[in-house]
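1. the sequence and its predicted three-dimensional model are supplied below.
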Amino acid sequence: MKEKTVKEVPDVALLRAELKRETYRHRYAAVLKSTVCTLVVVAAFAILVATLWMPVLQIYGSSMTPTLHEGQIVVAVKDSDFEKGDLVAFYLGNKLLVKRVLAGPADVVNITQDGTVYINGEEQQEPYVSEKALGQCDLEFPYQVPESRYFLMGDHRTTSVDSRSSTVGCVAEEQVVGKIVFCIWPLSDFGKVN
């Protein structure tokens with residue numbers, strides 16, 4: 001006797017559930033792929049901006065107190081037009097330092113024993129300096145800044161090693177990374193840097 005085989009008809013509800021699961025899996029994979037691609041593009045863009053136009057730097061040491069303190073994170077803007085009083089970051093060997101521009105190319109700098117700074121014979125008003133000092137200095141004054149170089153000094157004059165020392169000397173334009181314009185961390189110091 002031959003048995004009749006009955007073809008089982010799949011349950012429509014099970015098919016719909018399986019279709020829904022597969023559709024969800026494909027959507028999830030597409031959204032995940034899109035999100036990862038977006039994050040990679042944003043990260044690449046952020047790195048490009050930080051490298052080429054707006055480097056982000058962390059402050060180490062006390063040579064710029066009271067203006068900048070150790071641990072602060074600041075943003076610099078790539079620029080080649082520096083004015084007296086600007087804070088700039090520059091490379092010295094393999095170190096990145098931050099100092100203030102006091103004099104530009106061809107300016108004559110004179111610093112007295114009490115730490116008073118004269119540029120081209122004019123006494124400088126420096127409200128950012130809490131204590132004047134000659135500091136670590138092995139230059140003979142008056143001193144004329146060479147062409148395409150800047151005379152830089154830290155705001156904490158007693159501890160700062162800067163253009164007053166032949167170890168640092170005047171800084172060439174090519175060494176300068178950018179002008180410090182903004183503090184982003186800690187949030188209590190968030191804002192423009194003067």
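-> It's in. Numbering: from 1, shown residues only.

2. phi, psi for the spatially most central residue of the chain please.
-> Among the residues of the chain, residue 56 comes closest to the average C-alpha position under C-alpha atoms, centre = their mean, at 2.3 Å. Backbone torsions of residue 56, given as degrees, to the nearest 10, read phi -110, psi 130.

3. who does it bridge with?
-> When bridges are taken as DSSP bridges, the partners of residue 56 come out as residue 75.

4. please report how far it lies from residue 71.
-> Residue 56 sits 14 Å away from residue 71, taking C-beta to C-beta, to the nearest Å as the criterion. Any C-beta I mention is one placed from the backbone N, CA and C, and that applies to glycine too.

5. what does residue 128 give?
-> Taking C-beta to C-beta as the criterion, residue 128 is separated from residue 71 by 19 Å.

6. got it, and residue 64?
-> Plainly put, residue 64 is 12 Å away from residue 71 if you go by C-beta to C-beta.

7. out of those two, which sits in the busier spot?
-> Remark: of residue 64 and residue 71, residue 64 carries more neighbours, 27 against 11, as counted by other C-beta atoms under 10 Å.

8. where does the chain have low pLDDT?
-> Using pLDDT under 70 as the threshold, the predicted model of the chain has low-confidence ranges 1-10, 50-52.

9. kindly recompute the last result at 80.
-> Of all residues in the chain, those with pLDDT under 80 make up the ranges 1-10, 46-54, 79-80, 194.

10. contacting residues for the closest residue to residue 117 other than its chain neighbours?
-> In space, not counting the residues next to it along the chain, residue 117 is nearest to residue 124; the distance is 4.5 Å by C-beta to C-beta, 6 or more residues apart in numbering. With C-beta atoms under 8 Å, 6 or more residues apart in numbering as the criterion, the residues that contact residue 124 are 84, 102, 116, 117, 118.

11. what subset of these is buried?
-> Buried members of the contacts of residue 124, scored by 16 or more other C-beta atoms under 10 Å, are 102, 117, 118.

12. now secondary structure too, for these, in TSV please.
-> TSV is the format used below for the buried ones among the contacts of residue 124 (DSSP: H, G, I helix; E, B strand; the rest coil):
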residue	secondary structure
102	strand
117	strand
118	strand
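
13. would you turn those residues into a markdown table with distance to residue 175?
-> Formatted as a markdown table, the entries for the buried ones among the contacts of residue 124 read as follows, by distance: C-beta to C-beta, whole Å:
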| residue | distance to residue 175 |
| --- | --- |
| 102 | 16 |
| 117 | 22 |
| 118 | 25 |
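
14. with respect to residue 161, which of the residues you listed is nearest?
-> residue 102 (14.6 Å; C-beta to C-beta).

15. would you map the strands across this structure?
-> Counting by DSSP state E, the chain has these strands, from start to end: 56-58, 73-77, 87-92, 95-103, 108-111, 117-119, 122-123, 143-144, 149-153, 171-172, 176-185, 191-192.
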